[in-house]
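K.L.:
starting from these lines, generate the structure:
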Amino acid sequence: MSWHPAFEAAAEAAAHRLGPGHLRVLAERLGEGWPEQALRHAVPVPGFAEAAGTVLAAGRESGVSELEAAAYLRGLAAGHAQRSAAVQIESVWSGPSTHPVPVRATAQVLVDLVAEARAELLLMTYAATRYPPLTAALSAAIDRGVAVSIVVETLKGARGALNGAEPAAAFDVPGVRVWHWPAERRAEDHARMHAKIAVADRRVLLVSSANLTQSGVNRNIEAGLLVRGGTAPQRAAEHIAELQSRGVLIRLPTARTGR
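P.N.:
I've put the predicted structure just below:
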């Protein structure tokens with residue numbers, strides 16, 4: 001296949017968003033000559049139809065035949081599958097450092113993860129306060145077209161365990177979509193939205209005890225793991241997407257849009 005940068009960029013974004021398994025299904029169905037509407041819904045998971053539609057549109061505009069596109073997507077899926085099979089895990093810490101034992105700092109890992117995202121970024125936190133390096137990284141991600149979703153606890157949901165401003169106020173960045181777990185939809189009064197994770201492009205996952213606060217990412221002693229490759233990043237993103245699609249998590253209105 002000759003050089004078609006728009007199509008290749010769309011295919012690469014779809015590979016990051018969908019993962020190699022779902023991309024392979026799209027390639028197979030495309031090679032079998034399925035109509036576009038059926039192709040867009042070949043895998044009934046959130047985000048598949050949008051990603052598949054973008055790839056198909058880019059292929060048409062670039063003059064790539066269906067057989068060429070299918071072959072390219074198969075190769076791309078195989079390459080991503082091979083890379084994702086190699087799992088890398090690093091420990092991540094907040095708080096005092098020790099020179100004899102080099103570890104990566106939570107604050108820097110978090111900002112680097114946001115900067116690395118090219119298609120999709122998901123964050124979850126219990127407490128949050130404005131952290132300028134993270135805010136700047138989120139703004140830059142939005143500017144380059146990354147879909148950013150952040151799930152937070154609310155003061156109502158915390159039922160007195162959190163004080164001050166709403167955690168969502170820490171992410172008042174144009175383009176960021178903020179979600180929450182409504183208190184009235186929780187089976188028990190003491191249930192909390194307590195997860196602290198970050199996922200970039202469904203291939204890098206940070207799981208940490210640190211909230212997205214100055215204390216959490218810098219001052220407290222907090223521990224976490226940064227996972228590259230394997231199924232954990234994609235499964236985490238898929239779980240969040242499923243909670244959103246089922247209405248367990250719903251959008252919070254923002255001060256900027258009111259919706």
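K.L.:
helix or strand: which one has residue 76?
P.N.:
helix 66-85 (DSSP states H and E).
K.L.:
what packs against the helix or strand that comes right after that helix?
P.N.:
With elements assigned by DSSP H and E, the helix or strand that comes after helix 66-85 is strand 88-94. Secondary-structure packing of strand 88-94 (3 or more Cβ pairs under 8 Å, 6 or more residues apart in numbering; DSSP states H and E): strand 104-105, helix 106-116, strand 204-208, strand 222-228. C-beta here means a position set from N, CA and C on the backbone, and glycine is covered the same way.
K.L.:
what's the closest of those to residue 25?
P.N.:
strand 204-208 (22.9 Å; Cβ to Cβ).
K.L.:
which outside residues touch the closest one?
P.N.:
92, 94, 106, 109-110, 113, 116, 196-199, 222-228, 232-233, 236 (Cβ atoms under 8 Å, 6 or more residues apart in numbering).
K.L.:
now do residue 29, the pLDDT please.
P.N.:
Looking at residue 29, its pLDDT stands at 94.
K.L.:
thought it was touching residue 40?
P.N.:
No. When contacts are counted by Cβ atoms under 8 Å, residue 29 is not listed as touching residue 40 (10.0 Å).
K.L.:
just to revisit the earlier point, of the contacts of strand 204-208, select the buried ones using a ChimeraX command.
P.N.:
The following ChimeraX line selects those of the contacts of strand 204-208 that are buried, judged by 16 or more other Cβ atoms under 10 Å:
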select :92,94,106,109,110,113,116,196,197,198,199,222,224,226,227,228,232,233,236
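K.L.:
what distance do you get for the closest residue in space to residue 230 that isn't next to it in sequence to residue 232?
P.N.:
In this structure, residue 230 finds its nearest non-sequential neighbour in residue 87, 3.9 Å apart by Cβ to Cβ, 6 or more residues apart in numbering. Using Cβ to Cβ, to the nearest Å, we find residue 87 at a distance of 8 Å from residue 232.
K.L.:
OK, contacts around the residue nearest to residue 230?
P.N.:
227, 228, 229, 230, 232.
K.L.:
element containing the residue lying closest to residue 40 once chain neighbours are set aside, please.
P.N.:
Excluding its sequence neighbours, the residue lying closest to residue 40 (Cβ to Cβ, 6+ apart) is residue 49, at 4.3 Å. For residue 49, the host element (DSSP H and E) is helix 48-62.
K.L.:
check contacts around the residue lying closest to residue 130 once chain neighbours are set aside.
P.N.:
Counting by Cβ to Cβ, 6+ apart, residue 130 lies nearest to residue 170, which is 4.7 Å off, once chain neighbours are set aside. Applying Cβ under 8 Å, 6+ apart to residue 170 gives the contacts 128, 129, 130, 131, 135, 212, 213.
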